[in-house]
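J.: just to be clear, the model below is a prediction. Sequence and coordinates:
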Amino acid sequence: MKRSFVFCVAILGWFVAKPTEAKIIHVPADSSAIQAGINGAVDGDTVLVARGQYYERIDLLGKGILVASDFVFDHDSATIDSTVIDADTSVLGVSDTGSVVVFVSAEDSSCSIIGFTIQNGIGTVVQDDGRYGGGIYCAHSRPTIKGNVIKHNCASHSGGGVCCDIGSRPVITGNTIRGNDGGSDGGISCLFFSSPTICGNRVVNNSAASAGGGIGCATWASPTIMGNAVTDNSAFLGGGICCMNYSSPTIVGNIVASNSATGYGGGISLHGNSLPAIRSNTIFANSAAQGGGIYCDHSSPTINSNIIASSRNGKGIFCEYESYPVIHYNNVCNNADGNFHGCPAGVGDTTWGGNFGGTPCDSSYNIMRVPHFADSTDFQLLCNSPCVDAGDPSICIAADSGGCRIDMGAREYLYILGDANSDGSITPKGAVTVGDLVFVVDYLFRWGPDPCPCRAADTNCDGEVNVADIVCLINYLFRGGGLPC
């Protein structure tokens, strides 16, 4: 009897311990509504939504599930456009639909929403303090928000498109966030100790009545804002990006272009003891009454290796009211009302000397030269741009990016060190051939054409193209030597 009891307990334990198979809940085949599918899901499940217009708003309920359209299989943007979660009050027949999607139950990184159009939300009421997160509201959570179009939402307080609130750490990547409106932070809002990763999104044509037309961060928020296109947004403060109240974002590798502020900071506006790191961005053709590129008020940013150019109104960098920025290795040029105001002593005085490429610079290695873009959309540099290899040499560049050091701006110009004639010919030694050796000899001694970029022929990376580079090439091609970079 005792052995039988032990055997039964063991069998029961096996059934309890056996993992439940993850399942796919199809909407509308298995469940008529997305929320009903979420209600029936458990951790590890997928709620897979067919193309259609779904008039509802959804709560992920703290579950580690994937809610996705067929975009996860077909990678077709048309699937995103035709799989719509719509909180239109006139269709739903209620006056208060809140945010379209909410993550408010400590969702973690196993929770994701992918491949939808999310529209017509009006935000979540938070402590009678107005509405937050018209499209998506996230609090105390860290989900993944990927590959969606978040459009035509509004929030009376913060985050017309998306609001990251109260310690949230979502990953927001590969989305298009457009045509949203907020009291502040029209596109994306980062508030109260939140630290989202905002990477590879298009944040376009959003607006805010006060601050942060595209992206806003305030009150000890510390987001990572990397590799986004923040364009054609508008606000009073910070048409593109606004940082306030002890926020400390990392702003790296973004295109911040054609944004406007009726007040301060067309591209980026900094206030209230914010401490951002602003590095390797292209900040172009923005407009403001003060600070067309960057405006700085009671803040101490690090502004490093950026292109800040062609502001349509306002100076390139405008600093006042106890601001102590560190400004080095930038190209600040052709801004409507001048390039610098209130910046540290010596910034902008290019009589100081020349940089690594011989371009006149100030003592902080800032230059003021036309950047020479290949286009006005992606802002890729041309090979003869003075921004190539002119960024901060302490910043590492990717091993496959070539060159002697990082460029200024968001787009690294890719070339192969030693491929002086830029023909890309491949040999057992790679793209560097005898033709490159001949090219450098012709350039130095026979009035041959210039290498483009010039640094491609600077094979010993000493900042000059001379006989030493010929010796370096000979050693590399014929004597087993290496290129130093």
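T.: Okay, I see it.

J.: nearest spatial neighbour of G214, skipping sequence neighbours?
T.: If the residues on either side of it in the chain are set aside, G214 comes closest to N233, at 3.8 Å by CB to CB, 6 or more residues apart in numbering. Quick note: C-beta positions are derived from backbone N, CA and C, even for glycine.

J.: next, count neighbours for N233.
T.: Applying other CB atoms under 10 Å, we find 33 residues neighbouring N233.

J.: enumerate every residue touching it.
T.: Each residue near N233 by CB atoms under 8 Å, 6 or more residues apart in numbering is listed here: 186-187, 203-207, 213-214, 239-240, 259-260.

J.: mind checking how far it is from S258?
T.: 9 Å (CB to CB, to the nearest Å).

J.: also V47?
T.: V47 sits at a distance of 38 Å from S258 (criterion: CB to CB).

J.: over to I177?
T.: 16 Å.

J.: the more surrounded of these two?
T.: I177 (33 against 22).

J.: assign that one to helix, strand or coil.
T.: Here I177 is recorded as strand under DSSP: H, G, I helix; E, B strand; the rest coil.

J.: these two touch, right, it and N205?
T.: No - applying CB atoms under 8 Å, one finds I177 not in contact with N205, separated by 9.4 Å.

J.: hang on, the earlier thing: got the contacts of N233 as TSV, with secondary structure and distance to G291 columns?
T.: Output for these, formatted as TSV (DSSP: H, G, I helix; E, B strand; the rest coil; distance: CB to CB, whole Å):
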residue	secondary structure	distance to G291
G186	coil	19
G187	coil	20
V203	strand	20
V204	strand	21
N205	coil	21
N206	coil	20
S207	strand	19
G213	coil	14
G214	coil	16
G239	coil	10
G240	coil	11
N259	coil	12
S260	strand	12
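
J.: show me where pLDDT drops low in the stretch 351-485 of the chain?
T.: 398-402, 424-430, 484-485 (pLDDT under 70).

J.: all strands of it, in order?
T.: Assigned by DSSP state E, counting those that start in this stretch, the stretch 351-485 of the chain shows strands spanning 353-354, 360-361.

J.: most packed of these?
T.: strand 360-361 (a mean of 21; mean count of other CB atoms under 10 Å).

J.: quick one: strands adjacent to it?
T.: Applying DSSP bridges, strand 360-361 is found paired with strand 353-354 (antiparallel).

J.: any idea what D297 is bridged to?
T.: E320.

J.: one more: the one 5 residues further on?
T.: Beta-bridge pairing of T302, defined through DSSP bridges, involves A277, V326.

J.: the one 5 residues further on too?
T.: Judged by DSSP bridges, the bridge partners of I307 are T282, N331.

J.: need the contact list for it.
T.: Shown in contact with I307 (CB under 8 Å, 6+ apart): N281, T282, I283, F284, N330, N331, P371, F379, C387, M408, G409, A410.

J.: repeat for V256
T.: V256 sits in contact with G214, V230, T231, G240, I241, G267, I268, N281, T282, I283, F284, N286, where contact means CB under 8 Å, 6+ apart.

J.: state the pLDDT value of the fifth one.
T.: Going back to what we said before, that points to I241. Confidence at I241, expressed as pLDDT, is 98.

J.: count of neighbours near it?
T.: I241 is flanked by 36 other residues according to other CB under 10 Å.

J.: wait, it sits on N228?
T.: No - with contact defined as CB under 8 Å, I241 and N228 do not form a contacting pair (9.3 Å).

J.: who touches both of those two?
T.: Joint contacts of I241 and N228 (CB under 8 Å, 6+ apart) are I215.

J.: point out where this structure drops to low pLDDT.
T.: 1-20, 92-97, 398-402, 424-430, 484-485.

J.: the helices in it, which residues?
T.: Along the chain, counting by DSSP state H, helices occupy 2-17, 34-40, 71-74, 77-81, 89-92, 434-445, 467-478.

J.: if we go by neighbour counts, what in the last one is buried?
T.: By neighbour count, and taking 16 or more other CB atoms under 10 Å as the criterion, the buried residues in helix 467-478 are D469, I470, C472, L473, Y476, L477.

J.: and what of the second one?
T.: Applying a neighbour-count criterion of 16+ other CB under 10 Å, the buried positions in helix 34-40 are I34, Q35, A36, G37, I38.
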